[in-house]
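Undergrad: following is a predicted model, sequence given first.
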Amino acid sequence: MIRIGKLVATHGLNGALILTHVVGNSKWLKNGQVILVEMQKGSHIPYFISQFKANNDKEYVINLEDVDKIESAKKLITKQVYVDEVILADYAKQSPLLWIGFNVIDKIKGEIGAINDVSQTGYQWLARVIYNKSEVLIPLIDEMIEKVDIKTRTIYVELPEGLLEVYL
């Protein structure tokens with residue numbers, strides 16, 4: 001599963017919700033598709049999309065099966081939303097925002113840690129990772145990334161010598 005966004009508000013009186021997402025392209029969501037809503041940490045409840053409309057590349061208004069009243073929809077506000085990695089396989093390789101939670105493995109150092117967050121500085125993406133109890137920033141550039149494995153949620157990199165030691 002890949003975390004794609006969050007349910008941020010209700011829309012109207014019939015249980016519609018606003019889903020903000022980090023996928024970018026608004027063509028990945030389909031009617032009948034399953035999204036997983038994290039009701040509690042580690043507990044994901046599946047919901048089927050019955051109707052949706054893209055507001056822009058970062059936001060959908062969605063209707064979920066069995067959520068047809070505003071009271072039911074309000075219970076889902078602030079909840080994280082996940083989808084199966086197969087749905088986003090093409091998008092995930094292009095969007096570092098979807099890599100949060102992926103494990104970083106260096107060719108020389110081995111396992112570095114999981115990506116806690118990503119941010120963009122200019123045209124470059126940086127991953128925040130805890131390595132040896134210190135937060136390190138790893139540039140997510142093509143020259144360093146050897147492979148992104150969506151299935152295992154792993155990014156294989158070849159980091160420049162000394163990059164991690166700067167933070168220690």
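TA: Received the coordinates, thanks.
Undergrad: what's opposite the residue lying closest to Lys74 once chain neighbours are set aside in the beta bridge?
TA: Closest residue to Lys74 apart from its sequence neighbours, by Cβ to Cβ, 6 or more residues apart in numbering: Thr10 at 6.0 Å. Placement of C-beta: from N, CA and C, glycine included. Counting by DSSP bridges, Thr10 forms beta bridges with Leu17.
Undergrad: how much space separates Thr10 from Leu36?
TA: Plainly put, Thr10 is 19 Å away from Leu36 if you go by Cβ to Cβ, to the nearest Å.
Undergrad: who touches stretch 3-19?
TA: For stretch 3-19, the surrounding residues in contact (Cβ atoms under 8 Å, 6 or more residues apart in numbering) are 20-23, 35, 37, 55, 59-64, 67-70, 72-74, 76-83, 88, 98, 100-101.
Undergrad: quick check on Ile130: phi, psi?
TA: In this entry, Ile130 is assigned phi and psi values of phi -90, psi 120 (degrees, to the nearest 10).
Undergrad: how close does the residue nearest to Lys74 get to Val129?
TA: For Thr10, the distance to Val129 equals 36 Å [Cβ to Cβ].
Undergrad: what about the closest residue to Ile87 other than its chain neighbours, helix or strand, and which?
TA: Nearest in space to Ile87, with sequence neighbours left out and distances taken as Cβ to Cβ, 6+ apart, is Trp28 at 6.4 Å. Using DSSP states H and E, Trp28 falls within no helix or strand.
Undergrad: I figured Gly113 hits Ile105, correct?
TA: No: using Cβ atoms under 8 Å, Gly113 is not in contact with Ile105, being 9.6 Å away.
Undergrad: and the residue lying closest to Asp84 once chain neighbours are set aside, what's its pLDDT?
TA: Sequence neighbours aside, Met1 is the residue nearest to Asp84 in space, at 6.4 Å (criterion: Cβ to Cβ, 6+ apart). pLDDT recorded at Met1 is 78.
Undergrad: which ones are touching Met1?
TA: Shown in contact with Met1 (Cβ under 8 Å, 6+ apart): 36, 44, 82-85.
Undergrad: ok, now Asp66?
TA: 47, 72.
Undergrad: that one and Leu17: what is the separation?
TA: Taken as Cβ to Cβ, the span from Asp66 to Leu17 is 13 Å.
Undergrad: what about the nearest residue to Gln80 once chain neighbours are set aside, how many neighbours?
TA: Of all residues not flanking Gln80 in the chain, Glu38 sits nearest, at 4.3 Å (Cβ to Cβ, 6+ apart). Counted by other Cβ atoms under 10 Å, the residues lying close to Glu38 total 16.
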